[in-house]
Each structure stands twice: as structure tokens, then as C-alpha cells.
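A.B. asks: missing the sequence, but the structure's below:
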């Protein structure tokens, strides 16, 4: 309980501060680097407040300048914190519409370039995803997507939805499979527990030259990569480059 209270004592003012910086940056049309700074330090502050140590592997697979689509499994909001904190790229997320109703925070997300979709409006979601893909290529941003569509409460990898892979093929942007593990234990039933998370990225999968008919094949390859990384990370002998805290 003490950890949970401390987490929220830090989170509320930290989120307000970083949101204000992003909103101000949006008003003056600040470069993407400003929002990247906000994302990195907001993510690290949240992980630090929760007492989370993060083991990171595979950052050599990240391009700091060319657009990529980071496809990750989803266990909790701490997956987002870990990706923003440690992936050295201009990552923007496609988020559920409900987050767009949070005062101040939603304005900051829009200012930074994140996209909201209504998962119950298939046509609208498709158009929003396409607009996100266009902006990604135009502004040389990368996208973060969770193809499971919901969080896994027990850490097991769920089934993937096809929209993510249709977008990747349409934009012809490489996909970087990302495995994030441990978030479901950090945030559970409304309580925060200190612990260790693992963030692993593998070699990008090119989509250039791929067609819509290959969507399911691409999806299967990416899901297999994420599954393999999750299993490898859960072996007793596994280890990685350890990082943690907003230092």
C-alpha cells in the first residue's frame, strides 16, 4: 500500500508537469525532440516511482532516425513507460479513445502526435490508423502498437488483431517486434508492487515489397518473435543490460 500511495504522490505532479511542457511545445510547434525528452523522462520517473528495475536488450535494432513500427505485447501501462523511457526513437502510440477524455493529459498527447481511435468504430479506426501512418512517414516518427488490443492479466501472449499489420504493409515501414514482461506483476488489482521488467527488441522485419495478401504471414512471424523473446526472458539463466530510475 505504501508503494501505491508513493507512486500516485509522484505521478500526479509529474504528469501535470510533463503534460504542460508538451502542450506548450505544441503551441510553439517545437520539434519532435522536445516531446521525445518529455516521453523519456516521464517514463523513467513513473518506473522509478513504482520501484521498477528494467532490463533492456536489443536496442541495436532501433533506428533513431528512420520510421519504424514497434509491435509489442501488452500487460499494463508500465509497458508504455518502459518503451518511452528506453527506446531511443520518436515513438508515438495509437491509443484508445477513452484516454482522449482525460483533461490536460489528452491535450499533451495530441500535441506530441499520439493518435486516438475508437475500437468500436472500425471505419473510423482504420482512417485514424492510416492518418497516423501518413504522419509517421511525413514527420519521420515511429509508431508503437499493441496488436492484442487489450492487456494480458496473467502475462500470457494473446491473439493478434490484423489492423496493425495491414498498416505496416500499407506504409512499407519495418516492424520491430518488442517483448515486454513483468508489467502485469507491477500493476495488479489497483496496487503497485516494486519489481523487475524486461524489455527486449529483435531484428526489424522489412515490409517493403510485401502485399496485403501477406498480412497474416507477417503477423505470424512477428507474434512468433515476441513469443520466443518472452519465453527466453523467463528462463532462469536469462540476463540483460540492467537500467532503472530517472538517473
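C.D. replies: Right, received. Where do you want to start? Nothing here was measured: the structure is a model prediction, and the numbers come from that model. Residues are numbered from 1 along each chain as shown.
A.B. asks: Please point out which parts of the longest helix that the chain contains sit buried.
C.D. replies: Scanning the chain for the helix with the most residues, using DSSP state H, yields helix 2-27. By 16 or more other C-beta atoms under 10 Å, the buried positions in helix 2-27 come out as 7, 10, 11, 14, 15, 18, 19, 21, 22, 23, 25, 26. For the C-beta atoms, the positions are set from N, CA and C on the backbone; glycine is no exception.
A.B. asks: what's the answer for stretch 125-133, then?
C.D. replies: 125, 128, 129, 132, 133.
A.B. asks: and if you look at stretch 95-115?
C.D. replies: Buried, per 16+ other C-beta under 10 Å, within stretch 95-115: 95, 97, 100, 105-109, 111-115.
A.B. asks: average pLDDT for it?
C.D. replies: Stretch 95-115 carries an average pLDDT of 88.
A.B. asks: Between the two ends of that stretch, how far is it?
C.D. replies: 6 Å (C-alpha to C-alpha, to the nearest Å).
A.B. asks: and the gap between the closest residue to residue 190 other than its chain neighbours and residue 58?
C.D. replies: Nearest residue to residue 190, sequence neighbours excluded (C-beta to C-beta, 6 or more residues apart in numbering): residue 4, at 7.6 Å. If you measure residue 4 against residue 58 using C-beta to C-beta, to the nearest Å, the figure is 31 Å.
A.B. asks: Not counting residues beside it along the chain, what's closest to residue 208?
C.D. replies: Nearest to residue 208 is residue 172, by C-beta to C-beta, 6+ apart, at 4.8 Å.
A.B. asks: since we're on that neighbour, how many residues are nearby?
C.D. replies: Burial of residue 172, expressed as a neighbour count using other C-beta atoms under 10 Å, amounts to 14.
A.B. asks: Cheers, nothing more for now.
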